[in-house]
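>>> Provided below for reference: sequence and predicted model.
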Amino acid sequence: MIRPEFDAKYKEHLQRKIKELKKSCGALLVAHNYQRDEIQEIADIVGDSYALARDVKLAPEKTIVFCGVKFMAESAAMLSPEKTILLPVEEAGCPLADMATADKLRKKREQYPEAAVVCYVNSTAAVKAESDICCTSSNAIQVVKSMKEDKIIFVPDKNLGRYVREHVPEKELILWDGYCVVHMRLTREEVITTKQLYPGAEFIAHPECRREVLEEATYVGSTAGMLKYVGESPSEEFIVGTEPGIIYRMKRNNPEKKFYIPTDQFICANMKLTTLGWVARSLEKQIYKIEVPENVVKKARRTLERMIEVVK
Ligand code: SF4
């Protein structure tokens, strides 16, 4: 077992090393809200996948170390083709994104030729290329409402799709059978038990959770929405229904408030693959460069740009 004082020293050593490497190669380090605390501590920007892709585009740096999972780095690469996007851990994928493939989506389109395809940003570049428009968990309702078609194939997250369907009853949503393996683990019983343990706490949840879990929440929203909500709510305690990496920023922004996790099964293993050591290695060796095939980029970028046009 590593002694805590050694762990702290080693963490400082790696964080110093990363800062030096970043400076010497003029790189920007960005991290998703679900990344480990020690990564968020030294990131130049922390945010959700869409905010990070947008901020990468605006940043002057030409090399970006993207601490997140592959579909996020792909979106950043497609919106900033002039930049080098590095993903520190090559295997950091997303099981939800992998639940939809371009082939299966083409077949679904044949089945419903009159429908438009809205893809959640948590999808591969190839699936984005087969879609009409992209959305995030914070703008999915707005994007679906904006479509002229009455029928929408919503891919790949069925929980987010169901949540959107309830808010846009005028549209017929055909849901893909995909789900986030992390958010699906949380049960209503676990939420109820945690509420009993912390009766003064508000339960807030991400729309990737099951419907019966969302029914227990006083607020449902994206990670960015949740961060805003906990800052504005008069409540002092919150039970957080999303990956606990978000609690680092919640605590930092609201040191006087308390945050609880409703289950110990809520860790996204893919997000936690990125460690300080892998980030240092990524900068030293300039790996792993994200490259999306040109024929995919052209079409997939268009779906991202359409979303930006709708929500601007
Ligand atoms: S939390 Fe879920 S959707 Fe997000 S990266 Fe992990 S598996 Fe994918």
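Everything's here; your move. Numbers count the residues shown, from 1 in each chain.
>>> From what I see, residue 194 and residue 260 are in contact.
Yes: in this structure, residue 194 is within contact of residue 260 by C-beta atoms under 8 Å, at 6.2 Å. For the C-beta atoms, the positions are set from N, CA and C on the backbone; glycine is no exception.
>>> Just want to know which of these two has more residues nearby.
residue 194 (20 against 16; other C-beta atoms under 10 Å).
>>> Can you name the residues of the stretch 101-250 of the chain sitting close to the ligand?
122, 180, 181, 182, 243 (C-beta under 6 Å from any ligand atom).
>>> In this structure the first one contacts residue 99, no?
What it means is residue 122. No: contact criterion C-beta under 8 Å: residue 122 and residue 99 do not qualify, at 9.6 Å.
>>> if I look at the two, which residues touch both of them?
residue 156 (C-beta atoms under 8 Å, 6 or more residues apart in numbering).
>>> who has more neighbours, the two?
Per other C-beta under 10 Å, whichever of residue 122 and residue 99 has more neighbours is residue 122, with 27 against 22.
>>> Now do the contacts for that one.
49, 71, 94, 96, 97, 156, 157, 180 are the contacts of residue 122 under C-beta under 8 Å, 6+ apart.
>>> which of those count as buried?
49, 71, 94, 96, 97, 156, 157, 180 (16 or more other C-beta atoms under 10 Å).
>>> and the closest residue to residue 59 other than its chain neighbours, bridged to which residues?
Spatial nearest neighbour of residue 59, chain neighbours left out: residue 28 (5.2 Å); criterion: C-beta to C-beta, 6 or more residues apart in numbering. For residue 28, the beta-bridge partners are residue 64 (DSSP bridges).
>>> Can you pull the phi/psi pair for residue 117?
phi -110, psi 120 (degrees, to the nearest 10).
>>> and what of residue 155?
phi -130, psi 150.
>>> domain parsing for the protein?
4-93+271-285, 96-179, 183-260 (automatic domain parsing).
>>> Just flag the most distant two among the buried ones among the contacts of residue 122.
49 and 156 (14.3 Å; C-beta to C-beta).
>>> hey, where'd the strands end up in the stretch 151-300 of the chain?
151-155, 172-175, 202-205, 219-220, 237-241, 258-260 (DSSP state E, counting those that start in this stretch).
>>> Dump those strands to a markdown table, plus mean pLDDT.
Listed next are these as a markdown table, based on pLDDT from 0 to 100:
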| stretch | mean pLDDT |
| --- | --- |
| strand 151-155 | 98 |
| strand 172-175 | 98 |
| strand 202-205 | 98 |
| strand 219-220 | 98 |
| strand 237-241 | 98 |
| strand 258-260 | 98 |
